[in-house]
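A.B. asks: Model the structure of this input:
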Amino acid sequence: MRQSLLANLLIMTVVLSAALVVAATYANRMAVKTLSAVVLRQTSQHVRSELNRFFGPVAAHLRMVASWGAGGLLNVTDREGLNRLFAPVLAQYPQITSALLADVHGHEYLLLHDGHEWLNRETRRGEWGGRSRLWHWSDRQPDPVVSWQKLGYDPRERPWYRQALQSLHADSKHVKAVSKAVYYSEPYNFFTTGEPGITASMAFCGKDGQVRIAAFDVRLKDISAFTTGLAVSRHGMALILSDTHLRVIGLPRGRHFSRATDYRRALLQTPDQLKLPVLSAALRVYREEFGEESEKIFRFRSGGALWWAGVSSYPIDTSRAAHIVVMVPQADLMGSLKYMRLYILAIICIVLLLAVLRVFVLTGRYSRPVEALVQDSRRISRGDLEPAERISSPVWEFQRLAEAHDEMRSGLRVLMKLERDVQLARRIQQDTFPRRLPALTGYEITAWSQPAEGAGGDTFDVIGLSQTGDGRYGISEDRADAAVFLLADAAGHGIGPALAVTQVRAMLRMAVRSGQVLPVIITQMNAQLCEDLQEGRFITAWFGRLDTASHRLTSFSAGQAPLFHYRAVDSRCRTLVAQVPPFGITEDIAVELPDPVILEPGDLFVVFSDGLIEPTDAGGRIFGSRRVAEVITACHAMPTNDLLATLREELGRYTKGAPAEDDQTAVIIKRLR
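C.D. replies: Numbering: from 1, shown residues only. Below you'll find the predicted structure:
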């Protein structure tokens, strides 16, 4: 054993060292992958938050403008009144360079602010044709300078106007309802300033019923001012692309975009036009591997270097989205990790040398107690639970193992006794079931129960009754004129529920022997169980009394449902519900027997416990009462034993032979003639 232990420990030490090298390499790669995902997601979330801060006020103020217009505060020809409303908005939000208001007649109002200077443009196609009136002023020269220019400008031809107009739910100039959505145009160069940007627009109706379009021009330079200043890593970058043609609307950090004039030249270009090979390579890999999927992180190679990239979608409006692209070279993520591998290799070599030396010392110390423990385990496996010789070892774990062996012996003794007790409880419970069922003239009866564990929480009984000379009924084990039926199901399964349902059966037998009627039996039984059962415990029970002369079956259910009644006359199987809650929940139950069920020739009355109705397949879907009713209908002509066997076969196929999780009990009554 010492030689084997020595050889195996040496082999394991070498294998473990090799595994550590592999694990260190793998951990290094996983660390880079995890770190890249964290950096890319955090940066993407940062960009997303900035875009929310950028676009949020635009949409909010457009809706506010629409509410002004709906209240009659906006007149497209009232320049000074509109300036008082829009000037504070443009002054507060620098990304909004201009505000526009237009109507279906070709009237337009524009207020533009470039930081210091202000511009009004008034357009009235019906009155002035292609001419527009311009008003210029600044903070230093507040008196406006008025001029006229022939611009040939028609606001109704602009994309932002047309897109907002399409949101209207009407087919004339006077409408009753409009969309509350804000729409953004494709990125383009503004008509007035030539700056790259996008226009947000929204349609609304004034008090006069006229359609008007409000819009804000949003310049893309402010988005690029954020993305070019965003330090993802030493050489990393983040940028934003439009949803169509993947044009750049948020430039990445780099020396090519450090001056203001670079923004206008670079914005709205494609990655190839921008001459960013790393971006082109990332997008090519993204299209080839993921298509149009969003929220993807992947690795690619560009210029001989490995890069990590993350692509996610940012919805600008209901029909338009931007793409956030974050890229980081793997070299930025590695940092000092590349030296860690060498450190790990050096440490592993030292540990390997020390481990080999230590193995020689430990083999002698471990072999003797290990061998003794092995021998002790073999004795226990053979069922020898007598105390073993005391194992002495300076190793604390061996002492604990020896103590564990002693505890295992005690536990096995308890388990073996408990197993014997469970088997005894099962035999006692099985003995309470009727050894043979009474013969009822014109009827075929099947009653069966199978516990999920050693002892079950289900029980049943069939008590035959024969009429005596004085007109009363007494219990008969052979041929009977009537019968009392019981099927009870306690919550849970095992010894505790088995004792509870056995109590129910005993109480029923005593009540029948004393001549009690069914309502009194049910009331007194529930009262007793409310006292005996602990809180949270309950028992569902079905009682039936069949008179073979009148073929009347009196059925009463306390929480046991559904019940199945197959009618041969119309080949239908109906389900019946319980009359009161289960026993043990409340003492106040009103026991009113329902109208008896008249059993015609060929009719069946079937009661199943949950274990035959609610088994589940691999997907967690229950067998269900509908399938049970279908089996009863299809097999109604079979003997009742065969009907039960067929149902159990169907359950086995449905659950693919999985062990039953609940007790299964059945009572089947069939009228033959």
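
A.B. asks: How is this protein divided into domains?
C.D. replies: Dividing the chain into domains by automatic domain parsing, as the record does, gives the ranges 71-219, 385-432, 434-671.

A.B. asks: Of these, which is nearest Met327?
C.D. replies: Shortest separation from Met327 across the domains of the chain is recorded for domain 71-219, at 21.2 Å, computed as Cβ to Cβ. Yep, even glycine has a C-beta here, placed from its N, CA and C like the rest.

A.B. asks: how far does the closest one sit from the chain's center?
C.D. replies: Distance of domain 71-219 from the chain centroid (Cα atoms, centre = their mean, to the nearest Å) equals 46 Å.

A.B. asks: ends of that domain, how far apart?
C.D. replies: Counting by Cα to Cα, to the nearest Å, you get 29 Å between the two ends of domain 71-219.

A.B. asks: what's the average pLDDT for that domain?
C.D. replies: What domain 71-219 shows for mean pLDDT is 86.

A.B. asks: Stretch 228-235 now?
C.D. replies: Along stretch 228-235, the predicted local confidence has a mean pLDDT of 84.

A.B. asks: So what touches that stretch?
C.D. replies: 39, 43, 46-47, 237-238, 251-254, 257-258, 326-329, 331-333 (Cβ atoms under 8 Å, 6 or more residues apart in numbering).

A.B. asks: Narrow those residues to those in strands?
C.D. replies: Secondary structure assignment by DSSP state E places 237-238, 326-329 of the contacts of stretch 228-235 in strands.

A.B. asks: So how do I select the buried members of those in PyMOL?
C.D. replies: Buried residues within the ones in strands among the contacts of stretch 228-235, by 16 or more other Cβ atoms under 10 Å, are selected in PyMOL with:
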select buried, resi 237+238+326+327+328+329
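
A.B. asks: now for the ones in strands among the contacts of stretch 228-235, which pair is the farthest apart?
C.D. replies: Taking Cβ to Cβ as the measure, these span a maximum distance of 13.4 Å, between Ala238 and Pro329.

A.B. asks: ok, back up a step: the domains of the chain into CSV, with extra columns for distance to Ala27 and mean neighbour count?
C.D. replies: CSV is the format used below for the domains of the chain (distance: least, Cβ to Cβ, whole Å; neighbours: other Cβ atoms under 10 Å):
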stretch, distance to Ala27, mean neighbour count
domain 71-219, 44, 17
domain 385-432, 28, 13
domain 434-671, 36, 18
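
A.B. asks: which stretch among these comes nearest Ile316?
C.D. replies: Go through the domains of the chain one by one with Cβ to Cβ and the one that ends up closest to Ile316 is domain 71-219, at 5.0 Å.

A.B. asks: which strands and helices sit next to the helix or strand harbouring Val504?
C.D. replies: The secondary structure element spanning Val504 is helix 495-513 (assigned by DSSP states H and E). Under the contact criterion of 3 or more Cβ pairs under 8 Å, 6 or more residues apart in numbering; DSSP states H and E, helix 495-513 touches helix 396-432, strand 458-467, strand 482-490, helix 518-532, strand 539-547.

A.B. asks: Of those, which is nearest Val580?
C.D. replies: Among the helices and strands packed on helix 495-513, the nearest to Val580 by Cβ to Cβ is helix 518-532 (8.1 Å).

A.B. asks: tell me the average confidence for the closest one?
C.D. replies: This predicted structure assigns helix 518-532 an average pLDDT of 93.

A.B. asks: Okay, angle between that helix and strand 539-547 too, please.
C.D. replies: Note on geometry: by axes from the mean of the first three to the mean of the last three Cα atoms, to 10 degrees, helix 518-532 and strand 539-547 are set 160 degrees apart in direction.

A.B. asks: before we move on, what SS does Leu90 have?
C.D. replies: Following DSSP: H, G, I helix; E, B strand; the rest coil, we place Leu90 in the helix state.

A.B. asks: That one touches Thr97, doesn't it?
C.D. replies: Yes - with contact taken as Cβ atoms under 8 Å, Leu90 and Thr97 are classed as touching, separated by 7.4 Å.

A.B. asks: Mutual contacts of these two, please.
C.D. replies: His113.

A.B. asks: Could you report the separation of Thr540 from Leu267?
C.D. replies: In this structure, Thr540 and Leu267 are 73 Å apart, going by Cβ to Cβ, to the nearest Å.

A.B. asks: Flag the shaky bits of the stretch 451-600 of the chain, pLDDT-wise.
C.D. replies: 471 (pLDDT under 70).

A.B. asks: about what we covered before: make TSV out of the helices and strands packed on helix 495-513 and add distance to Gly72.
C.D. replies: Converted to TSV, the helices and strands packed on helix 495-513 look like this (distance: least, Cβ to Cβ, whole Å):
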stretch	distance to Gly72
helix 396-432	84
strand 458-467	76
strand 482-490	71
helix 518-532	71
strand 539-547	68
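
A.B. asks: Out of the ones you listed, which gets nearest to Asp208?
C.D. replies: strand 539-547 (70.3 Å).

A.B. asks: Next secondary structure after that closest one?
C.D. replies: Helices and strands here follow DSSP H and E; after strand 539-547, the next one along the chain is strand 552-558.

A.B. asks: ok, then the element right after that next one?
C.D. replies: As assigned by DSSP H and E, the chain's next helix or strand after strand 552-558 is strand 563-567.

A.B. asks: Can you tell me what sits against that following strand?
C.D. replies: Looking at what lies outside strand 563-567 - Cβ under 8 Å, 6+ apart - the contacts are 542, 555, 557, 572-577, 597, 600, 603-608, 625, 628-629, 632-633, 636.
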